[in-house]
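In: have a look at this fold, sequence not included:
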């Protein structure tokens, strides 16, 4: 049996998972590809660290701190990049593709920013670039989007694509925990990083939505196109109001195409509790797709973790090896049918939840409704609730579908009103599939 | 732009969907495959019927009742078989593959019975056989299992893979409808056939479980290996007891591998209401997979319907055309790593719900518990309920995980007891993922 030589860049959580999976499922993998799969070199940041994986120490002969040991090794035709980060990882991927090596990566940072050029580079150099693990950890969503639903026109993509924030929101919702307490718990359990900014402010989810939306709509979406708002300001008060109204709050990556124009956002969103995504809890991920022909489908599973993510990477590896054997590397061009067209705020229609603290005086509601009327915003419901301060009241407004730019303009005007103490929160409401 | 010539066998619900999708998504499909896709011939059962699809009449030049017009047409390299049925469809597929034509089919009857030999025939004749649409309509589950999770060892597959029965059980559960009323409604809405036997008795689901289990466990499972029990005896009484106990009753295709041995069944099953499959309602399908590395994933979507099923077929068509262009047809061998090993009843462990009507007399419960003790069956709970007849009582028993053969032996003994009036129902309970 011939040997397929593989290089591995990075031996952290995901790299260790890949190493483990290749050992544990050795015979199954050999059966599938007809070859022995062997990791020849692993690029690590330091050699002065014992590396015990799955109960055994990794041979020091495998380890290197020199990228050229992988790049320059002619036996290695496939390289798995799981070091993370942006600049250096991008440089490595680029050099590997230029050298005609297939690259498998979980790197959403690089993909969201340089996906188009790296895909083209792979085709040019007759090798492949695969990145199933970059979105939804163990969920084979990229494959489903690119191949399984290739015949359909995707109209809408909604995703819970960040496990950290979903875990935090689940705890807040199910156990009445405050944001900071839930975040601390997530950090203690390893679901959130010491610096959680990238997750909680939505950037991680935004990158994944760039990847999904570009593939789904066949259009080169960029990170700048994504309206991104994180969960750090989500209050337990809103979570409770949401419940009362029959909703749950989730950090939803939302993108849809209408009349050839795309809108993409990542923001805390009110979802009806019957929505398939509403019951996706804890650190789980799910991607919900609406296709013109297929209707509604959902793909659910672990969004992160060592072995789940490794599953996607090693599945990509199997595909890569088969393509290598068939001599068809470089034929997997992901090109875009459409030029990038992003919907402007004055064309985006959406429904909103708005919570305000106002002085409990005659005429205040009238001031608000007159601003709303001027901006052609109509209400689905307005509820007034008492606050701890007897002079104040809380207003909970749910709008109908309104024009986003009008809504934002109304918000700015509300801020100017003397009798409005503060705008506590404003969230998008998704009421249809 | 070159033309890809396609033959279509069958122009019923699914065939019309394929015809429609190829028209509606013409430019997207051409972009993806770089060729015009043209249906050259459609095999139908009768030419004396006007066929209006998607608002336009199908040209009579396309229609034929002679299979040889497709088989003998050298231009046609890919044929879509959606006529359904078993014997004739199998004969056609066989002849097409022998002639070196790629076949795309939605035919679970043929696949479940002849999948192994037809796959081998395709490889031998250097063409392809694809059947994404045979399970889970629009859900790309075959691809996910074969490619997306190729690196993992699948441990368990649970599926709601029949939309008709799921619709009926949903109505029974949510609207307290009797089985016969719900079936009638399903028939009126077109979710159930005039003769619903194949669906309601579980045969359709069993065929799909054969396909999924064979692929998932890499083992040639046969239809005879599937313990199959339908929903026609499910009573509203059990559905209500299930609710009280925190369960829902679903027709679950269940298969798992343990120590190299597989068990497969299709039966009405008690699922905890928190289980991801428990909230899959109406005519929707879902397949839930547990992999050793990936953990739990679920794929949800429409299980049938004209356009959803056509989506899977046309996605297979895209893959087929790409493989044709790359010159790699016939390389897609689905072979099995393991020989068929089915777990015997005395090794299957399961949990059960049992409902009995007994005479309300001293000593009856003792008779029952002594049979259970002899067969080493332990109880999780026993609840006695009054019945309309004051001399009788109803016993609701939930067992712990017990040996299936012991449980079945106990049931036979219970039937012999004078004071047991009848065994009303017995269902499997799945309490873990």
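Out: Received the coordinates, thanks. Note that the structure is a prediction, hence the values are computed from the model and not measured.
In: and the most far-flung residue of chain A relative to its centre, what pLDDT?
Out: Centroid-distance maximum for chain A: residue A:362 at 45.6 Å, with C-alpha atoms, centre = their mean. Note for residue A:362: predicted pLDDT of 86.
In: before we move on, which element is it in?
Out: Using DSSP states H and E, residue A:362 sits within no helix or strand.
In: now swap in residue A:268 and tell me
Out: Going by DSSP H and E, residue A:268 is in strand A:261-272.
In: and what of residue A:252?
Out: strand A:247-258.
In: hmm, that strand touching chain B?
Out: No: Strand A:247-258 does not reach chain B (C-beta under 8 Å from any C-beta of the partner chain); its nearest approach is 12.2 Å. In short, each C-beta sits where N, CA and C put it, glycine included.
In: show me which positions of that strand end up buried.
Out: Across strand A:247-258, burial judged by 16 or more other C-beta atoms under 10 Å in any protein chain shown covers A:247, A:248, A:249, A:250, A:251, A:252, A:253, A:254, A:255, A:256, A:257.
In: which one of those residues is nearest chain B?
Out: Taking C-beta to the nearest C-beta as the measure, chain B lies nearest residue A:257 of the buried residues of strand A:247-258, at 12.2 Å.
In: any idea how far the closest residue in space to residue A:114 that isn't next to it in sequence lies from residue A:220?
Out: Nearest residue to residue A:114 in three dimensions, chain neighbours excluded: residue A:90, at 5.6 Å (C-beta to C-beta, 6 or more residues apart in numbering or on different chains). For residue A:90, the distance to residue A:220 equals 17 Å [C-beta to C-beta, to the nearest Å].
In: with residue A:51 instead?
Out: Separation of residue A:51 from residue A:220 (C-beta to C-beta) stands at 39 Å.
In: the two: who's more crowded?
Out: Ranked by neighbour count (other C-beta atoms under 10 Å in any protein chain shown), residue A:51 and residue A:220 place residue A:51 first, with 19 against 16.
In: could you pull up phi and psi at the closest residue to that one other than its chain neighbours?
Out: In this structure, residue A:51 finds its nearest non-sequential neighbour in residue A:58, 4.3 Å apart by C-beta to C-beta, 6+ apart. Note on residue A:58: backbone dihedrals following degrees, to the nearest 10 are phi -70, psi 130.
In: chain center to the longest helix anywhere in chain A: distance?
Out: The longest helix of chain A (DSSP state H) is helix A:306-326. Offset of helix A:306-326 from its chain centre (C-alpha atoms, centre = their mean, to the nearest Å): 21 Å.
In: what helices or strands is it leaning on?
Out: Here helix A:306-326 touches strand A:3-9, helix A:13-24, helix A:26-33, strand A:76-81, strand A:102-105, strand A:129-130, going by 3 or more C-beta pairs under 8 Å, 6 or more residues apart in numbering or on different chains; DSSP states H and E.
In: mean pLDDT for the ones you listed: which is lowest?
Out: helix A:26-33 (a mean of 92).
In: list the buried ones in that one?
Out: A:28, A:29, A:32, A:33.
In: what angle separates that helix from helix A:13-24?
Out: 80 degrees (axes from the mean of the first three to the mean of the last three C-alpha atoms, to 10 degrees).
In: indicate whether helix A:26-33 makes contact with chain B.
Out: Yes: counting by C-beta under 8 Å from any C-beta, chain B has neighbours in helix A:26-33: A:28, A:29, A:31, A:32.
In: what's the first helix or strand after that helix?
Out: strand A:36-43.
In: let's test this: mean pLDDT of the helix or strand following that next one, rounded?
Out: The helix or strand immediately downstream of strand A:36-43 is strand A:52-53, counting by DSSP H and E. Averaged over strand A:52-53, pLDDT sits at 96.
In: partner strands of strand A:52-53, parallel or antiparallel?
Out: strand A:56-57 (antiparallel) (DSSP bridges).
In: give me the residue ranges of the stretch 251-400 of chain A where confidence is low.
Out: A:333 (pLDDT under 70).
In: where does it come near chain B, residue by residue?
Out: A:276, A:279, A:291-302, A:305, A:307-308, A:310-315, A:317-319, A:322, A:326, A:328, A:331, A:337.
In: what do you get if the cut-off is 6 Å, keeping everything else the same?
Out: Residues of the stretch 251-400 of chain A that fall close to chain B, judged by C-beta under 6 Å from any C-beta of the partner chain: A:279, A:293-295, A:297-302, A:307-308, A:311, A:314-315, A:318, A:326, A:328, A:331, A:337.
In: just the buried members of the residues you listed?
Out: Listed as buried from those are A:279, A:293-295, A:297-302, A:307-308, A:311, A:314-315, A:318, A:328; burial here means 16+ other C-beta under 10 Å.
In: got the phi/psi numbers for the spatially closest residue to residue A:311 that is not a sequence neighbour?
Out: Excluding the flanking residues, the one nearest residue A:311 by C-beta to C-beta, 6+ apart is residue B:294, at 4.3 Å. Main-chain dihedrals, residue B:294, degrees, to the nearest 10: phi -80, psi -20.
In: ok now do residue A:118, which residues does it touch?
Out: Neighbour list for residue A:118: residue A:129 [criterion: C-beta atoms under 6 Å, 6 or more residues apart in numbering or on different chains].
In: how about the secondary structure of it?
Out: Under the three-state scheme (DSSP: H, G, I helix; E, B strand; the rest coil), residue A:118 adopts helix.
In: let me know the pLDDT of it.
Out: 96.
In: quick one: buried residues of the one helix or strand residue A:351 maps to?
Out: Using DSSP H and E, residue A:351 sits in strand A:349-359. Judged by neighbour count using 16+ other C-beta under 10 Å, the buried positions of strand A:349-359 are A:350, A:351, A:352, A:353, A:354, A:355, A:356, A:357, A:358.
In: who does the second one bridge with?
Out: Taking DSSP bridges, one obtains residue A:429 as the residues bridged to residue A:351.
In: can I assume it is in contact with residue A:401?
Out: Yes: judged on C-beta atoms under 6 Å, residue A:351 makes contact with residue A:401 at a distance of 5.2 Å.
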